[in-house]
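Engineer: predicted model and sequence below, questions to follow.
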Amino acid sequence: MRLPLCVLLALAVTAGSVTAANWPQFRGVGGNGLAESSQPLPTNIGPDSKHIAWKVPFPPGHSSPVLYGDRLFLTAVRDKALVTIAVDRTNGKLLWEREAPYKSLEEIHSIGSHAQPSPATDGKLVVSLFGSSGLYCHSVDGKLLWTRKMGPFNNDFGAGTSPVIVDDLVLTVQDHDTNSFLAAYDKRTGKLAWKTDRSEFPRNYCSPVIWTVAGKKQVIVAATLRVVGYDLATGKELWTVRGLSRSVCNTPVIGGDGKLYVAGWARGGDIDERISVDPFAKMIAALDKNNNGTLERPELEKGHAIERRFPQVDRDKTGSITRAEYEYYRNLFDVARNVVLAIRPGASGDATKTHVAWEYRRHIPFCASPLFFNQTVFTVKDGGILTSLDARSGKALQTKRVPGAGNYYSSPVAGDGKIYLLDQKGRLSVISGRGKWKVLHRAQFGEETYATPALVDGRIYLRTNGHLYCFK
């Protein structure tokens, strides 16, 4: 029996809405931080809000919630166990919990977590990454399908980038002080499809994003001094744009206008705040007390730019800084640029001079990723400094401080004309999603917050370091 056209169209719309009603990776569909549904989202949310659909205690971790169908997935640390957790998104009830075994926990940042990367799901499987243990793939019902051992990585801040599932591949980029790489694994078996060496890059924390240009998918990774586009099929580098910061902790976003927006900040890279250090020859002549031709930490002045970053500069972790290691970082200080870049599609080779649409050098975010919303690029810098930029020209439209004036590890997300921001201290700001924005609501959750909220079907799923909330 043939169905009437109107019925077929209705089914098509329904199927599209089912697909859209998911948040399958860090920052949702495509990693763009936007609600796919047009359903209204609550504004006045908080720990005592009337909009709470459910609230459950939850073990700590920095990963952000991902959702598919009726399930929500997160990673956490429960009594020193590294776990992947599935809950029912309608009521917050635990569905299953699976542990990732490890031999020892690697060193992490003083405010870090051993559950930092967000999981990824395609509705059939869920992939989690733990630096101490590796990559784990479970069915959405909790059956272990495969594992890939990796880590502990050579990085005293731990692992932080989130995996991405695209087509039949699981992608992960791991930029650490040594042995950095980008890799693709078969999502059904865990078998390595390809691996690209990135040993030129030290530690960075950009998760990969997929940019489809002229019908072909590219893997985009922003890192030390440059952003790179790789061929999804082979891992081969296709293009690069230079002129980024010394390290990159946020993830680029592909705007609804087809351009790529990249931000990177590290201390010493601002226009009016530069770091400069003496050449190695001068330092070694003055400070090499044991005459071994290298620099050890006790030989350096406390608080010196190199001493403060000794574990990063000493990339091979020998306890000594060689001439090559020192000069590499001295060059980074000299050339690094804190910046927001807008990049046009269609690049090939070195596209620094050909495909940068505009750049902006003020109020650059450290960890919070940029947001493209209503033809505007929003960035939030530590201290709660929110800047809106015209996506067409890069012109600053407004820069003001929001109520949450702390550090930002959570990235902004938007839907229903509103943008949601959370600082480290659990202070929420809801603003209007326009270039000339205004504050609509503020709240204090009373717990530290590192995770980025998920916006699905008119609901907001928000994780603090002690609870998981659903608002409607």
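Structural biologist: Structure's in. What do you need? Because the structure is a prediction, the values reported are computed rather than measured.
Engineer: where along this protein do the helices fall?
Structural biologist: Per DSSP state H, the chain carries helices over the ranges 5-20, 280-287, 305-308, 310-313, 323-335.
Engineer: could I get the average pLDDT for the fourth one?
Structural biologist: Taken as a whole, helix 310-313 has an average pLDDT of 95.
Engineer: that one: which residues count as buried?
Structural biologist: Pro311, Gln312, Val313 (16 or more other CB atoms under 10 Å). The C-beta positions use only the backbone N, C-alpha and C, and glycine is treated the same way.
Engineer: how deep is the nearest residue to the last one once chain neighbours are set aside tucked in, by neighbour count?
Structural biologist: If I follow you right, that is Val313. Here the nearest residue to Val313 in space, its sequence neighbours aside, is Tyr329; by CB to CB, 6 or more residues apart in numbering that works out to 4.8 Å. Tyr329 has 21 neighbours, counted by other CB atoms under 10 Å.
Engineer: and what of Asp270?
Structural biologist: With other CB under 10 Å as criterion, Asp270 counts 19.
Engineer: same check, this time on Arg98
Structural biologist: 17.
Engineer: wait, it sits on Gly142?
Structural biologist: Yes: using CB atoms under 8 Å, Arg98 is in contact with Gly142, at 5.8 Å.
Engineer: so which helix or strand of the chain has the lowest pLDDT on average?
Structural biologist: Each helix and strand of the chain was given a mean pLDDT (mean pLDDT, DSSP states H and E); the minimum falls on helix 5-20 at a mean of 34.
Engineer: thinking again about what came up before, ok, the buried residues of helix 310-313 vs Ala81, which is closest?
Structural biologist: Pro311 (27.1 Å; CB to CB).
Engineer: what's the spacing between the closest one and Ala115?
Structural biologist: Distance of Pro311 to Ala115, given as CB to CB, to the nearest Å: 22 Å.
Engineer: dump the residue contacts of the nearest residue to Asp382 once chain neighbours are set aside.
Structural biologist: Nearest non-adjacent residue to Asp382, counting by CB to CB, 6+ apart: Asn407, 4.5 Å away. Residues in contact with Asn407 (CB atoms under 8 Å, 6 or more residues apart in numbering) are Phe366, Cys367, Asp382, Gly383, Asp423, Gln424.
Engineer: of the residues you listed, buried ones?
Structural biologist: Phe366, Cys367, Asp382, Asp423, Gln424.
Engineer: report the two of those residues separated the most.
Structural biologist: Maximum pairwise distance among those (CB to CB): 12.1 Å, between Phe366 and Asp423.
Engineer: anything in contact with each of those two?
Structural biologist: Asn407, Tyr408.
Engineer: residues contacting the closest residue to Gly268 other than its chain neighbours?
Structural biologist: Nearest non-adjacent residue to Gly268, counting by CB to CB, 6+ apart: Ile275, 3.0 Å away. Counting by CB under 8 Å, 6+ apart, Ile275 touches Arg267, Gly268, Ala305, Phe333.
Engineer: ok, now with 10 Å
Structural biologist: Neighbouring residues of Ile275 by CB atoms under 10 Å, 6 or more residues apart in numbering: 246, 266-269, 305-306, 308-309, 329-330, 332-334, 336.
Engineer: ok, which pair from those residues is furthest apart?
Structural biologist: The distance between the two most remote of the contacts of Ile275 (CB to CB) is 17.2 Å, for Arg308 and Asp334.
Engineer: returning to that earlier point: if we take the buried ones among the contacts of Asn407, which one ends up nearest to Gly190?
Structural biologist: For those, the nearest to Gly190 is Cys367 (29.6 Å; CB to CB).
Engineer: I'd assumed Ser410 was in contact with that closest one.
Structural biologist: Yes: Cys367 lies in contact with Ser410 (CB atoms under 10 Å); the separation is 8.5 Å.
Engineer: any common contacting residues for these two?
Structural biologist: Both Cys367 and Ser410 are contacted by Val380, Gln424, Tyr450, under the criterion CB under 10 Å, 6+ apart.
Engineer: got a pLDDT number for the last one?
Structural biologist: Here the pLDDT value assigned to Tyr450 is 98.
Engineer: thought it was touching Leu462?
Structural biologist: No: counting by CB under 10 Å, Tyr450 does not reach Leu462; the two are 11.6 Å apart.
Engineer: identify the contacts common to those two.
Structural biologist: Contact criterion CB under 10 Å, 6+ apart; residues shared by Tyr450 and Leu462: Ser64, Ser410, Leu422, Gly426.
Engineer: how many neighbours does Leu105 have?
Structural biologist: 16.
Engineer: any idea of the pLDDT on the residue nearest to it when sequence neighbours are not counted?
Structural biologist: With CB to CB, 6+ apart as the criterion, Leu105 has its nearest non-adjacent residue at 5.1 Å, and that residue is Ser132. At Ser132, the pLDDT value in this model is 78.
Engineer: can you check Ile52 too?
Structural biologist: With respect to pLDDT, Ile52 has a value of 98.
Engineer: which residues touch it?
Structural biologist: Pro42, Ile45, Gly46, Tyr469, Cys470, Phe471, Lys472.
Engineer: what's across from it in the sheet?
Structural biologist: Phe471 (DSSP bridges).
Engineer: swap in the one 4 residues further on?
Structural biologist: The residues listed as beta-bridge partners of Val56 by DSSP bridges are Leu468.
Engineer: correct me, but it touches Thr464?
Structural biologist: No: counting by CB under 10 Å, Val56 stays clear of Thr464, with 11.3 Å between them.
Engineer: who has more neighbours out of the two?
Structural biologist: Higher neighbour count among Val56 and Thr464: Thr464, with 20 against 13, using other CB under 10 Å.
Engineer: you'd agree the more buried one is up against Ser64?
Structural biologist: No: shown here, Thr464 and Ser64 do not form a contact pair, counting by CB under 10 Å, at 11.9 Å.
Engineer: who touches both of the two?
Structural biologist: Residues touching both Thr464 and Ser64 (CB under 10 Å, 6+ apart) are Tyr450, Ala451.
Engineer: distance check, the residue nearest to Val313 against Asp314.
Structural biologist: From Tyr329 across to Asp314, the span is 10 Å (CB to CB).
Engineer: can you tell me the closest non-neighbouring residue to Asp257?
Structural biologist: Closest to Asp257 by CB to CB, 6+ apart is Ala391, at 5.9 Å.
Engineer: cool, and Thr196?
Structural biologist: Nearest non-adjacent residue to Thr196, counting by CB to CB, 6+ apart: Gly235, 4.0 Å away.
Engineer: Ala286 - how many residues pack around it?
Structural biologist: The burial count for Ala286: 10, using other CB under 10 Å.
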